[in-house]
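[1] Next one to model:
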Amino acid sequence: MDALSQASSSFAPFKEILLQACGFHFESERERSLSTRIGQRMVEREIGSLEAYLSLLQNDRQELQQLVEALTVNETYFFREPEQLHLMAGTLAPEILRRRPQEPLRVVSAGCSTGEEPYSMAMILREHLGAGSEKLFSVVGVDIDSEVIATARTGIYERNSFRAMDSTLRDRYFYPCGPNRYQIGEIKQQVTLAVANLLAEPYPPVLHQPDIIFYRNVSIYFPRRIQEAIFRQLAALLREDGYLFVGAAETMHHNLGVLKLIERNGLFFYHKPPPARSSACCPRERRSLTRQGPAGSIPALFRKPPPAVKGAERLCRTIPTEASRGPTLRVRPLQKIDVQDLIAQAHSLAQNSSFDAALQLLDQIVIDHPALIEALVLKSSILMSTARLEEARALCRMALELQPLCGEAILILGLIALQDGEEEEARQRLRQTIYLQQACWLAHFSLAEMNFRQADQHRARHGYETALRILQQETAAERDRALFPLAYNAGEFMAICRHKLSLL
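    Numbering: from 1, shown residues only. As a prediction, this is how the structure comes out:
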């Protein structure tokens with residue numbers, strides 16, 4: 001088996017077969033997993049050489065399916081990422097049913113693994129829509145792995161699958177069938193399960209025209225071009241005015257301009273507007289974030305300069321309130337090559353607590369370049385650090401008008417809301433930050449602190465563990481470059497995380 005692990009070039013034909021068959025790609029550390037699974041299959045089939053096994057794969061589709069199933073990771077549990085599920089069942093589903101009262105809601109779980117996700121959808125829809133709602137919705141779960149679909153059809157689960165699920169809810173929808181084992185009850189009838197390869201068309205009829213698709217934590221297996229191809233195919237399946245959810249860490253990778261990226265209740269997901277619909281946002285969509293620039297990228301900072309903004313100097317020196325703000329600023333290009341040096345100087349001054357000097361320098365930068373996002377964010381972070389919260393809030397809102405996906409501005413707004421005791425807004429802003437910047441330790445830490453105070457032990461533990469892991473991996477150079485927080489002792493925050501975890 002060591003020889004298999006070392007012979008990287010020998011696996012190129014296997015990688016190509018798997019890429020063409022189902023979109024999987026195996027680079028870096030995932031190559032070891034590929035070599036291990038190939039070795040296991042060769043032992044099971046009593047095949048002595050890679051060449052012979054490659055020939056078998058090329059001529060035996062059943063063996064290819066067996067290898068694919070051996071390579072998939074089926075880590076899942078009930079009510080994973082519950083905020084998305086609650087948004088779907090409590091807000092989107094009633095809206096869709098009101099628009100089409102004569103038709104049931106159709107929801108798809110693409111990449112459903114052993115069934116926890118589609119069954120979670122059925123349970124939460126029943127909870128929100130009430131008893132007797134069976135005719136109002138149906139759920140479809142599909143996966144490429146026939147074995148996990150078989151497991152899902154049995155509906156039997158062990159204790160680990162319920163780790164994020166309230167025991168009252170578990171007892172309502174499951175009944176014991178052995179030591180630490182539970183079998184799903186009547187709600188199972190609301191779920192249809194099928195084997196489907198998301199890369200291969202045509203898709204089975206059960207997938208056609210859903211109102212909502214959940215495609216979460218699946219695209220991590222695929223290279224970029226396969227991710228885009230599958231996302232486009234799923235978007236084509238989706239019914240007009242429908243919605244598509246991906247995992248939190250995958251959201252920005254799918255911002256291709258195919259569907260409209262929107263935000264509601266602090267969560268980002270995709271919408272398929274009807275063709276005749278106006279480009280303006282409807283009242284249900286708090287913000288529409290359409291693609292600007294390369295696929296999946298944050299909108300570019302520098303574009304064609306607009307006419308000069310009257311009163312720009314006043315806006316920079318005296319930050320207006322929301323009601324009194326003047327004309328919306330538009331993005332303009334830098335006029336001086338050394339403006340980044342000035343930003344660096346201001347950043348250095350702020351890190352050394354020379355806040356007044358840093359603000360004076362930033363005032364001039366923002367006057368000359370009123371749409372420079374870095375300057376707006378840095379100035380707002382200094383203002384927050386000096387307790388000038390309203391001014392910091394106004395600058396962050398200006399930054400978001402220019403760049404709706406500015407994670408630093410959203411983070412600062414969340415922390416300001418937290419200081420003001422506006423916990424619901426703080427929670428939404430911090431979740432938005434994590435959607436945009438999964439490695440933002442401060443957002444994870446702040447949410448963990450909120451959950452700790454509210455005795456939500458599961459979410460608090462997860463937040464502290466995530467913040468600790470990110471801090472441990474962060475380099476000194478990365479800490480020095482951060483626009484917010486300006487300066488912090490990583491060791492102290494890691495110690496706080498460990499202490500809180502010991503309490504939990």
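[2] in the stretch 401-504 of the chain, which segments are predicted with low confidence?
    479-480, 483, 487 (pLDDT under 70).
[3] if I pick S133, what's in contact with it?
    125-126 (CB atoms under 8 Å, 6 or more residues apart in numbering). For glycine as for every other residue, the C-beta is placed from the backbone atoms N, C-alpha and C.
[4] again, 6 Å this time
    For S133, the contact set (CB atoms under 6 Å, 6 or more residues apart in numbering) comprises R126.
[5] gap between it and P370?
    Going from S133 to P370 by CB to CB, to the nearest Å gives 52 Å.
[6] Same question for D420.
    When D420 is compared with P370 (using CB to CB), they lie 27 Å apart.
[7] more neighbours, those two?
    A side-by-side neighbour count of D420 and P370, using other CB atoms under 10 Å, places P370 first with 21 against 13.
[8] For the more buried one, grab phi and psi.
    When read as degrees, to the nearest 10, the backbone of P370 gives phi -70, psi -10.
[9] Q209: what secondary structure?
    coil (DSSP: H, G, I helix; E, B strand; the rest coil).
[10] If we ignore the residues flanking it in sequence, what's nearest it?
    Nearest residue to Q209, sequence neighbours excluded (CB to CB, 6 or more residues apart in numbering): R239, at 4.8 Å.
[11] That neighbour belongs to a helix?
    No: R239: not assigned to a helix; according to three-state DSSP it is coil.
[12] For E201, see how far away H253 is.
    22 Å.
[13] Neighbour count: those two, which is higher?
    H253 (18 against 10).
[14] Show the backbone phi and psi for that one.
    Dihedral angles (degrees, to the nearest 10) for H253: phi -70, psi -20.
[15] picking that back up, if I look at the residue nearest to Q209, how far off is P104?
    12 Å.
[16] These two: which is more packed in?
    R239 (18 against 15).
[17] Just want to check the distance between the more buried one and D211.
    For R239 relative to D211 (CB to CB), the value is 5 Å.
[18] Quick one: low-confidence residue ranges for this structure.
    Using pLDDT under 70, the chain drops low at 1-9, 20-33, 69-75, 220-221, 249, 276-337, 479-480, 483, 487.
[19] hey, which helix is longest across it?
    Using DSSP state H, we find that the single longest helix of the chain is helix 457-473.
[20] Give me the contact list for that one.
    Contacts for helix 457-473 (CB under 6 Å, 6+ apart): 439, 441, 444-445, 447-448, 451-452, 490, 493-494, 497, 500-501, 504.
[21] which residue ranges form the helices in the stretch 201-350 of the chain?
    Assigned by DSSP state H, counting those that start in this stretch, the helices in the stretch 201-350 of the chain fall at 224-237, 312-317, 339-351.
[22] Quick one: closest of the ones you listed to A164.
    helix 224-237 (25.5 Å; CB to CB).
[23] so what does the closest one touch, helix or strand wise?
    Contact partners of helix 224-237 among helices and strands, from 3 or more CB pairs under 6 Å, 6 or more residues apart in numbering; DSSP states H and E: none.
[24] In contact with M384, which residues are there?
    Going by CB under 6 Å, 6+ apart, M384 touches 392, 412.
[25] Could I get the phi/psi values of it?
    Torsion angles, degrees, to the nearest 10, at M384: phi -70, psi -40.
[26] Please report how far it lies from E391.
    Using CB to CB, M384 is found at 9 Å from E391.
[27] Next: A346.
    Using CB to CB, we find A346 at a distance of 16 Å from E391.
[28] A399 now?
    13 Å.
[29] How about L504?
    37 Å.
[30] Compare neighbour counts for those two and give me the winner.
    Comparing L504 with E391 by other CB under 10 Å, the one with more neighbours is E391, at 18 against 13.
[31] per-domain residue ranges of this structure.
    For the chain, automatic domain parsing gives the domain ranges 2-71, 82-288, 301-404.
[32] Make CSV out of those domains and add distance to R461.
    Output for the domains of the chain, formatted as CSV (distance: least, CB to CB, whole Å):
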stretch, distance to R461
domain 2-71, 26
domain 82-288, 11
domain 301-404, 28
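[33] of those, which approaches E478 most closely?
    Per CB to CB, nearest to E478 of the domains of the chain: domain 301-404, 13.8 Å.
[34] element containing F493?
    helix 490-503 (DSSP states H and E).
[35] what number of residues lie near N489?
    Counted with other CB under 10 Å, N489 comes out at 9.
[36] meant to ask about P82, not that
    Other residues close to P82 by other CB under 10 Å number 14.
[37] Mind listing the shared neighbours of R239 and D211?
    The contact sets of R239 and D211 do not overlap (CB under 6 Å, 6+ apart).
[38] pretty sure Y182 is in contact with F174, am I right?
    Yes: with contacts counted by CB atoms under 6 Å, Y182 reaches F174, the gap being 3.9 Å.
[39] the more surrounded of these two?
    The residue with more neighbours, out of Y182 and F174, is F174; 24 against 20, by other CB under 10 Å.
[40] Just list whatever residues bridge to the more buried one.
    I184 (DSSP bridges).
[41] Look up how far D143 lies from it.
    Relative to D143, and taking CB to CB, F174 is found at 21 Å.
[42] same thing with S354?
    For S354, the distance to D143 - CB to CB - is 57 Å.
[43] just M252 next, same as before
    In terms of CB to CB, M252 sits 25 Å off from D143.
[44] The two: who's more crowded?
    D143 (29 against 20).
[45] mind checking how far the more buried one is from L193?
    For D143 relative to L193 (CB to CB), the value is 8 Å.
[46] what touches both of the two?
    I149.
[47] part of a strand, is Y182?
    Yes: assessed with three-state DSSP, Y182 lies in a strand.
[48] residue contacts, it?
    157, 174, 176.
[49] repeat that for 8 Å
    Per CB under 8 Å, 6+ apart, neighbours of Y182: 156-158, 162, 170, 174-176.
[50] So among these, which ones count as buried?
    Among the contacts of Y182, those buried by neighbour count (16 or more other CB atoms under 10 Å) are 156-157, 162, 170, 174.
[51] Sitting in helices, which of those do you find?
    Within the buried ones among the contacts of Y182, residues falling in helices by DSSP H are R170.
[52] what's the most distant pair in the buried ones among the contacts of Y182?
    I156 and R170 (13.2 Å).
[53] Please point out which parts of stretch 210-223 sit buried.
    210-219, 221-222.
[54] now, which of those residues sits nearest Y119?
    Nearest to Y119 among the buried residues of stretch 210-223, with distances taken as CB to CB, is F214, at 12.3 Å.
[55] Between the two ends of stretch 435-444, how far is it?
    Distance across stretch 435-444, first residue to last, is 11 Å (CA to CA, to the nearest Å).
[56] Just the buried residues of it, please?
    In stretch 435-444, the ones that count as buried by 16+ other CB under 10 Å are 435-438, 440-444.
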